[in-house]
Each structure stands twice: as structure tokens, then as C-alpha cells.
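K.L.:
dropping a prediction and its sequence here:
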Amino acid sequence: MDLVNHLEGRLLFAVPKKGRLQQATLDLLSGADVQFRRETRLDIALVKNLPIALIFLPAADIPTFVGEGRVDIGITGRDQVAEHDATLPAGEVSGVEEILDLGFGGCKLQVQVPQKGDINEASQLVGRNVVTSFTALSEAFFSKLEGVSSGDKLSTKIKYVGGSVEAACALGVADGIVDLVESGETMKAAGLKAIDTVVESTAVLVKSRNSNTDLLNLITSRIRGVITAQRFVLCQYNIPRSELATASKITPGKRAPTITALEEPEWVAVSSMVEKKRIATVMDELIKVGATDILVLNIANSRTD
Ligand SMILES: Nc1ncnc2c1ncn2[C@@H]1O[C@H](COP(=O)(O)OP(=O)(O)OP(=O)(O)O)[C@@H](O)[C@H]1O
Ligand SMILES: O=P(O)(O)OC[C@H]1O[C@H](OP(=O)(O)OP(=O)(O)O)[C@H](O)[C@@H]1O
């Protein structure tokens, strides 16, 4: 089938074709009931149950396609959006608009130098060689350090490499690099240390500034629901009515806790959404104020807007 001729009337949705963000993105689409089958080697897949076409693109290229309005919506790293925006002429508004922080793919774009060298702060790299895959963000970062206005010549020499950036210092190509750090293992293995942060990143859902359709809002709402379900658990417990006000402060919920009367008039049951990462502390606090029968339930999906 000639897929390109089947794109008419469909919302075009760019997703990473490989790399760190791909699996979590596919899981998110599955949670949002976006059904598709991608033929081997094809970068376009038609969604079976919605008028959407998925376009598989390198994460780094997604902001360009979204920014130019060639695709309507996409998932990529905030670092890639920032790099794209940093290439725009001064004063030009980016065509890429972030709509949701997706919470996965967390990493930092950091300035790194040899652990055993004499450089301890980024200003010491001014006028020296810096290697990176993020040239626009690095140029903006060093322009600020040098006090140079955008477009003017930098004394720091910024060179592009496409990957294995951390090898540049060992090979004598660079005095420092600007590269992504997640666990820090690659940096440590290469004998490097971080001395500054250019951008902190997570995966984001972005849309083209001029795209705004009911379907775009529907898919955004579904994805928001999946993300919320992943971030929160449902906490249920019984509490003496006299302690309800205190307990409600511990579990205020997203809007307000749900309170249900029990057969025993002195007691109520409370049900409230709590952020997963806080749940252990919240349970400790609930026990202290007299809660009993605390249950924590996973949320399969949610919709709050
Ligand atoms: N440890 C990490 N290293 C690199 N990127 C990460 C990491 N953790 C999360 N990311 C995010 O994943 C995005 C895509 O990076 P990744 O290297 O997987 O892409 P890729 O398309 O395979 O690119 P490349 O071919 O240059 O490696 C990054 O821009 C960043 O937002
Ligand atoms: O802090 P860590 O958890 O070690 O992750 C960071 C490393 O991962 C990325 O490289 P990737 O594996 O994508 O290969 P690349 O160097 O070819 O881009 C990034 O460029 C770092 O080198």
C-alpha cells in the first residue's frame, strides 16, 4: 500500500524511530489505545482505530517537522526542542509548543571536562575547543559566558560530532564537551566530570503552534490520562471522623478526597489520589493520625479533563 497517499485528513503524529525514548513512547501510545502495525522498514504507520498516522523520525528531527507544521504533534526530548529553538534567528517565535511533560527520558545536557585536568568551571573553557552534538545550545551557553550577543563571533570553538562525544577529550580533539548525562556512568568511564548544566530534559509531547483540532485535543487528553495513571496511585483508608480534617491535609487528592460514610457513624472511608513517589511517607503519616485498613491501588487509566 502506498501509505503517503493515505495521509490526507489524518493527524500526523511524530514518534522516535529508535533510541532511548522509543519504548516508553510506544507504551504510552498503547495505553492511549492508539492501535497500529508498523511494516518492517516503513516510517509511516496508519492508526487503525483513529484518523491518525504515526511518522517514525529521529528524536532530533522531530522539532523541525513539528516546528514547520509538517506534522501536527510529536514526542521527543525537551533538549531536542531547546536545540531546535536555539537555531532560530533572534526574535523568531518557535513553531514548537510543549503541551505535556511526559515524565520519562530524564537526563541533563552538561558541560564536562577531564577529571584530572585544571578546569573546574565552564568559564575556563572560553576560547578553547568544545565538542558536542548540541551546537546551537552550546553556542548560546558560551555566548552568555563570553558576553557576546547572538550571531557575533565566539572565541570558544564549538565543533559538531554525531555520537561518542565523550571520546573527544581523550583523543585530544576537545578541552571539554557538552553531552547528555543520565546515570553518569558514561561520563565516569571516560574520566570526565560535570561542571555545569545547559539544559535539564525529559520527554515532552509537543504540537505545531498552528495545529489545534478536536482530534489533537482528544489524543492529548488520552496521553495525559495515561501519564497521570502512571504517576498516581489510589489510596483508600478508614479514619475516625474526628481526624478527617488532619487526614485530608495528608491526602488532599488532585481536587479533594472522596469521603464515604461507614455503618459506624464515628468513622469514614477516604479515597484519594497520591503521587506514587510519596506513597510510603503518606502511609506513615496516616497511621500516625489513626487511619486503619489503608489500601493502595494501581490506576489502570485516568481522565481528568
Ligand atoms: N542517557 C541518555 N543519553 C542520551 N539521551 C537520553 C538519555 N536518556 C534520555 N535521553 C533522551 O533521549 C533522546 C534521544 O536520544 P537517543 O540517543 O536515544 O536518540 P537517537 O535517535 O538514538 O540518537 P543517536 O543516534 O544520536 O544516539 C535525547 O535527546 C534525550 O532527550
Ligand atoms: O549517563 P549515562 O546513563 O551513562 O548516559 C549518557 C550517555 O548516553 C548517551 O549516549 P548513547 O548511548 O545514546 O550513544 P552515543 O554516544 O552514540 O550518542 C549520551 O550521549 C551519553 O554518552
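P.N.:
That came through fine. Ligands and ions are numbered 1, 2, ... in the order given.
K.L.:
list the residues that contact residue 94.
P.N.:
67, 81, 84-85, 88, 209 (C-beta atoms under 8 Å, 6 or more residues apart in numbering). C-beta coordinates here come from the backbone N, C-alpha and C atoms, glycine included.
K.L.:
ok, now with 6 Å
P.N.:
Residues near residue 94 by C-beta atoms under 6 Å, 6 or more residues apart in numbering: residue 85.
K.L.:
for it, give its distance to residue 72.
P.N.:
For residue 94, the distance to residue 72 (C-beta to C-beta, to the nearest Å) stands at 15 Å.
K.L.:
swap in residue 204?
P.N.:
From residue 204 to residue 72 the distance is 15 Å (C-beta to C-beta).
K.L.:
what's the answer for residue 180, then?
P.N.:
Counting by C-beta to C-beta, the gap from residue 180 to residue 72 is 27 Å.
K.L.:
who's more crowded, these two?
P.N.:
residue 72 (25 against 20; other C-beta atoms under 10 Å).
K.L.:
now for residue 240, how many residues are close by?
P.N.:
Neighbours of residue 240 (other C-beta under 10 Å): 15.
K.L.:
ok, the nearest residue to residue 186 once chain neighbours are set aside to ligand 1 distance?
P.N.:
Nearest non-adjacent residue to residue 186, counting by C-beta to C-beta, 6 or more residues apart in numbering: residue 166, 5.8 Å away. In this view, residue 166 and ligand 1 are 11 Å apart by C-beta to the nearest ligand atom, to the nearest Å.
K.L.:
what about residue 166, how many residues close to it?
P.N.:
Neighbours of residue 166 using other C-beta under 10 Å come to 20.
K.L.:
can you pull the contacts of the nearest residue to residue 141 once chain neighbours are set aside?
P.N.:
In this structure, residue 141 finds its nearest non-sequential neighbour in residue 198, 5.0 Å apart by C-beta to C-beta, 6+ apart. Going by C-beta under 6 Å, 6+ apart, residue 198 touches 109, 137, 141, 178.
K.L.:
near ligand 2 at all, the lowest-mean-pLDDT helix or strand in the chain?
P.N.:
Here the helix or strand of the chain ranked lowest by mean pLDDT, DSSP states H and E is helix 167-170, holding a mean of 93. No: using C-beta under 6 Å from any ligand atom, helix 167-170 stays clear of ligand 2, with a minimum separation of 8.6 Å.
K.L.:
now do the buried residues in that helix.
P.N.:
168-169 (16 or more other C-beta atoms under 10 Å).
K.L.:
so which other helices or strands are in contact with the following helix or strand past that helix?
P.N.:
Where DSSP states H and E defines the elements, the next helix or strand beyond helix 167-170 is strand 176-181. With contacts taken as 3 or more C-beta pairs under 6 Å, 6 or more residues apart in numbering; DSSP states H and E, strand 176-181 sits against strand 107-114, strand 129-132.
K.L.:
not counting sequence-adjacent ones, nearest residue to residue 282?
P.N.:
Leaving aside its sequence neighbours, residue 282 sits nearest to residue 274 (C-beta to C-beta, 6+ apart; 5.2 Å).
K.L.:
can you classify that neighbour by secondary structure?
P.N.:
strand (DSSP: H, G, I helix; E, B strand; the rest coil).
K.L.:
how close does it sit to residue 18?
P.N.:
35 Å.
K.L.:
show me which of these two is the more surrounded one.
P.N.:
residue 274 (23 against 10).
K.L.:
so the more buried one touches residue 235, yeah?
P.N.:
Yes: Residue 274 lies in contact with residue 235 (C-beta atoms under 6 Å); the separation is 4.6 Å.
K.L.:
lovely, talk soon.
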